[in-house]
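Participant: Predicted model follows, preceded by the sequence.
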Amino acid sequence: MVRSTLDVRIVAAAESPYSRHPPAAMTTEWLLADAFLRVLACAGIERREVDGLGLSSFTFAPDHVADLAFRLGLRVRWLMEDTNGGASALNMLQHAIRAVEADDARVIVLLAGDHFPRDAFRALVNNYNRATAEYLAPIPTSGPNAVFAHLTLRHMAQRGLERADYGRLVIAQRSWAGRNPGAVYRDPLTMEEYLAAPVVASPLHRYDCVPVVSGADAIVVAKAAHGVAVRALRSLHNADLHQGDGLGTGLAEVAPELWRTAGLGPEDVDAAYVYDDYPAVALIQLEELGLVLDGDLRRFLAEEYLPFNTSGGQLSAGQAGAAGGMHGLVEAVRQILTGDRVRARRVVVTGYGMVVYRYGTCVNAAVLEAT
Amino acid sequence: MYPLPVCVTCGHASFPPRVVCPYCGGREWNVADAAGGVLEELTEHAGVRIGSVRTELGVVLVARVANDPAVDAWVLLDADDGVPVARPSNV
């Protein structure tokens, strides 16, 4: 038996149940507190042991992470807030690992969550950044679906794909969602139902778009003898200076270094957790990480030789705002620790986000391993 | 015509506006009018037709699309209160 040493690990992960129709009294702080208390219970640690807190949330404003520490009754030595949406969880994880390594903090809880009462989602997408407020919202684009419809059209043309190819990804994730009581969409989806679903922004139909939910996610990073080790984590933001077509992200550039640092290759992972705001974006990341082993996307989708997004992903489980960036990480850690949906010792997780104008500009990826 | 920021130093157009030119690092900008471009993608969302237009100055604009231009066709550009609007070149 190999003797484990005390090392920085993710020791627990939890999610406050996602809901499309939360009670009227729901608040972002309640969801964040719920995820916080759930992850403490999961880790078997006391609130007073927590000395580091990280937060990503669009709807916690005007409060910030210091306010959250106050509201949770925490004395902390380390605070951080990350505003980078779908890339925020891995960004925070990158910093938290270094902080625990350096003994700046011993037990860090990272939280991500959002609550969208009536009209709050519209307000968020219309004021996402200045470019959106000044040049997209007045069109009106009414959110990101239109620019991702354009990206999907480019992807279809470049890769020779049809709607049914994206449907295979959505259907595969839906079949995992059937085993996740927390998913919004749980019923099996047929190709006929996928293709016939109401159009949102052609070629995107209903099941190509994430259901917006209220919810929150949490992980704990601490020194421990066992847990989930982060073998490598790499980020690259604004890789193409927003002068490209969005069909390539920074992942292609950092993937070789990611795998080399991890001491593993794409063929060694048992599951993948890729950011899935839209099916084309998920497929781009799977390819850039080298997970489509022979480069044949259609065969990858038809044979399902690698489990991915085993919670159902955001496309079936829902997107809780900034928690969308942590959802895959939480599912990955859960499956490594409990294996209730898939037996996984080694996985890869990605983040993607921050639509500057025409597509997302932030990406990151981490290789996790059971220890 | 749609006005686009163009770098004084290297002449590259950039959109949305930036502070520093990504090509040469310049930070002085002129304005050049793009008369039109190629409608590369077209979709409709919430009753609004929305296109990506590759302008003659190289940058791609997300535009409101008026009338019914064909994909890959040349479209004319205008600004409506700062927002790019594309219309067929024969209308």
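Facilitator: Received, thanks. Numbers count the residues shown, from 1 in each chain, chains lettered A, B, ... in the order given.
Participant: contacts for whichever strand or helix holds residue A:96?
Facilitator: Here residue A:96, judged by DSSP states H and E, is contained in helix A:88-101. Here helix A:88-101 makes contact (CB atoms under 8 Å, 6 or more residues apart in numbering or on different chains) with A:8, A:10, A:52, A:54, A:56, A:78, A:80, A:82, A:84, A:105-106, A:108, A:110, A:112, A:217, A:219, A:221-223, A:230, A:233, A:235, A:322, A:325-326, A:329, A:349-351, A:353, A:362, A:364-366. For glycine as for every other residue, the C-beta is placed from the backbone atoms N, C-alpha and C.
Participant: Show me the strands in the chain, by range?
Facilitator: I went with chain A, as the question did not name one. A:7-19, A:52-56, A:78-81, A:107-114, A:199-201, A:204-205, A:214-224, A:228-237, A:271-273, A:346-355, A:360-370 (DSSP state E).
Participant: switch to chain B, that's the one I care about
Facilitator: B:2-7, B:29-34, B:36-45, B:48-55, B:60-65, B:74-80, B:83-88.
Participant: Show residues contacting stretch B:38-53.
Facilitator: A:139-142, A:145-147, A:149-150, A:153-154, A:200-204, A:358, B:36-37, B:54, B:60-66, B:69-75, B:77, B:84, B:86.
Participant: can you tell me the distance between the two ends of that stretch?
Facilitator: Start and end residues of stretch B:38-53 are separated by 5 Å (CA to CA, to the nearest Å).
Participant: Buried residues, the helix holding residue A:96. List them.
Facilitator: For helix A:88-101, a neighbour-count test (16 or more other CB atoms under 10 Å in any protein chain shown) marks A:88, A:89, A:90, A:91, A:92, A:93, A:94, A:95, A:96, A:97, A:99, A:100 as buried.
Participant: Using CSV, lay out these together with pLDDT.
Facilitator: Formatted as CSV, the buried residues of helix A:88-101 follow (pLDDT from 0 to 100):
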residue, pLDDT
A:88, 98
A:89, 98
A:90, 98
A:91, 98
A:92, 98
A:93, 98
A:94, 98
A:95, 98
A:96, 98
A:97, 98
A:99, 98
A:100, 98
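Participant: Closest one of the residues you listed to residue A:24?
Facilitator: residue A:88 (27.6 Å; CB to CB).
Participant: residues in contact with the residue lying closest to the closest one once chain neighbours are set aside?
Facilitator: Leaving aside its chain neighbours, residue A:88 sits nearest to residue A:56 (3.6 Å; criterion: CB to CB, 6 or more residues apart in numbering or on different chains). Applying CB under 8 Å, 6+ apart, we find residue A:56 in contact with A:81-85, A:88-89, A:92, A:111-112, A:322-323, A:325-326.
Participant: Likewise for residue A:272?
Facilitator: Here residue A:272 is in contact with A:286, A:289, A:291, A:306, A:307, A:308, A:309, A:347, A:348, A:349 (CB under 8 Å, 6+ apart).
Participant: same question, residue A:273
Facilitator: A:308, A:309, A:310, A:328, A:329, A:331, A:332, A:347, A:348, A:349, A:350.
Participant: Quickly note the distance from it to chain B.
Facilitator: Separation of residue A:273 from chain B (CB to the nearest CB, to the nearest Å): 28 Å.
Participant: and that residue, what are its bridge partners?
Facilitator: For residue A:273, the beta-bridge partners are residue A:349 (DSSP bridges).
Participant: do residue A:53 as well
Facilitator: Bridge pairing for residue A:53 - DSSP bridges - gives residue A:79, residue A:109.
Participant: What about residue 65, how many residues nearby?
Facilitator: All of this is about chain A. Neighbour count for residue A:65, taken as other CB atoms under 10 Å in any protein chain shown: 20.
Participant: Please refer instead to chain B.
Facilitator: For residue B:65, using other CB under 10 Å, the count is 23.
Participant: Now do the closest residue to residue A:129 other than its chain neighbours, the pLDDT please.
Facilitator: For residue A:129, ignoring the flanking residues on the chain, the nearest one in space by CB to CB, 6+ apart is residue A:356 at 6.9 Å. If you check residue A:356, the pLDDT there is 96.
Participant: And residue A:230, by the same measure?
Facilitator: On the pLDDT scale, residue A:230 gets 98.
Participant: Next, the contact list for residue B:81, please.
Facilitator: If you count contacts by CB under 8 Å, 6+ apart, then residue B:81 has residue A:138 around it.
Participant: Ok, residue A:360 next?
Facilitator: Per CB under 8 Å, 6+ apart, neighbours of residue A:360: A:86, A:246, A:249, A:277, A:281, A:352, A:353, A:354.
Participant: One more: residue A:366?
Facilitator: Residue A:366 neighbours (CB under 8 Å, 6+ apart): A:90, A:93, A:230, A:232, A:233, A:234, A:329, A:348, A:349, A:350.
Participant: and which of these is nearest chain B?
Facilitator: residue A:234 (22.4 Å; CB to the nearest CB).
Participant: isn't that closest one right up against residue A:260?
Facilitator: No: if you go by CB atoms under 8 Å, residue A:234 and residue A:260 don't touch, sitting 10.1 Å apart.
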